[in-house]
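Undergrad: With the input below, show me the fold.
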Amino acid sequence: MKKIAVIGSISKDFVVTTEQIPNQGETVVGKRFRTFFGGKGANQAIALSRAGVEVFMLGAVGDDALGTDLIHNLEYHHIDCEMVSTLKDVSSGSAHIQIMNGDNRIVIVPGANDLISISDVEAHYEKLKQMDMVVLQNEIPMETICAVIDFCVKNQIPVLYNPAPAKEIPESYIDKVSYLTPNEHEFNILFQNQELSEVLRKYPNKLIVTLGDRGAIFYDGKNEIMVSAREIASIVDTTGAGDTFNGFLAKGIMDGGSIKQSVQLGNVAAGLAIQTEGAQDGIPIYEKVKALL
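TA: As a prediction, the model looks like this:
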């Protein structure tokens, strides 16, 4: 079984649905309260695990009850947490979300996720050398991300980098990664005032841009390849769709599939994921995705 390390965020979402957003100093009564496990790193790790990959998580939680729950959740999904640190006197990552009429207001508290340092990663270099791929996102410090990419290049480990949430990234590091998977918004931040077709041609078989319900597009060295998404009758929650896509994309690549086949796998998995509430709850198992291809 292929081994993939996910280096990224681990957090929990606290979601209140209300008919009225309170003004400053005001108290209102909400309709519903739910909690969901999240963090883009954790979401992608669980997607990989359900896709049938051996997954190793590198991240951090706080020394609070939430941190214990976050680690137990990953272990429940058969993810190796030996490289997850518990930081003293620090809160675990969380997102506090108010939803009214389908619109939301979100306060993110990065907590331990924002303290994953280069030295934290260096402590696990020997284990990381055993990996067949490393998966990254943007919910940890940029200097740590760059250090991981440099390490992977030196040790010839492929990197799948999902640049979300959007940040500016040095072009030299875009050149170093094996696969870059922004959505349209993130693409526009990374490649300001540049045409999609122009940039796709600059990064053949590397840059894969997700386009929501239209699917995803890449350039194979000769042609632009548009891989359409399956039509979904009922969309319940799009949270985590991109994370599911990236997990199953990596699975397809690790299995030796072409970029097109791997994107198709990711599209189908993401389409299934958005039919269930929560970023992680709807992530399908590999057999269900394979049956629909």
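Undergrad: Tell me where the stretch 51-200 of the chain has helices.
TA: Taking DSSP state H, counting those that start in this stretch, the helices of the stretch 51-200 of the chain run over residues 65-76, 118-122, 125-128, 142-154, 171-176, 184-190, 196-202.
Undergrad: For burial, what's the neighbour tally of residue 36?
TA: By other Cβ atoms under 10 Å, 20 other residues sit near residue 36. Placement of C-beta: from N, CA and C, glycine included.
Undergrad: ditto for residue 255
TA: 15.
Undergrad: repeat for the one 5 residues further on
TA: Residue neighbour count, defined by other Cβ under 10 Å, stands at 16 for residue 260.
Undergrad: Please, which helix or strand holds it?
TA: helix 259-273 (DSSP states H and E).
Undergrad: got any ranges where the stretch 101-250 of the chain has weak pLDDT?
TA: In the prediction, the stretch 101-250 of the chain carries residues with pLDDT under 70 at positions 102, 233.
Undergrad: so which of the helices of the stretch 51-200 of the chain gets nearest residue 134?
TA: Closest of those to residue 134 is helix 142-154, at 5.3 Å (criterion: Cβ to Cβ).
Undergrad: can I get the helices of the stretch 51-200 of the chain in TSV with mean neighbour count and distance to residue 265?
TA: Below are the helices of the stretch 51-200 of the chain laid out as TSV (neighbours: other Cβ atoms under 10 Å; distance: least, Cβ to Cβ, whole Å):
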stretch	mean neighbour count	distance to residue 265
helix 65-76	18	23
helix 118-122	15	29
helix 125-128	14	25
helix 142-154	18	23
helix 171-176	14	24
helix 184-190	16	21
helix 196-202	14	20
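Undergrad: With respect to residue 240, which of those lies nearest?
TA: helix 65-76 (13.8 Å).
Undergrad: who does that closest one touch, helix- and strand-wise?
TA: strand 11-17, strand 32-38, helix 40-50, strand 54-62, strand 79-87 (3 or more Cβ pairs under 8 Å, 6 or more residues apart in numbering; DSSP states H and E).
Undergrad: So residue 117 versus residue 94, what's the distance?
TA: 20 Å (Cβ to Cβ, to the nearest Å).
Undergrad: returning to what we had before: show me how far the helix holding residue 260 is from its chain's centre.
TA: Relative to the mean C-alpha coordinate of its chain, helix 259-273 is positioned 14 Å out (Cα atoms, centre = their mean, to the nearest Å).
Undergrad: next SSE after it?
TA: helix 286-292.
Undergrad: Residues in contact with that following helix: which ones?
TA: Helix 286-292 is contacted from outside by 50-52, 230, 248, 251, 265, 268-269, 272, using Cβ atoms under 8 Å, 6 or more residues apart in numbering.
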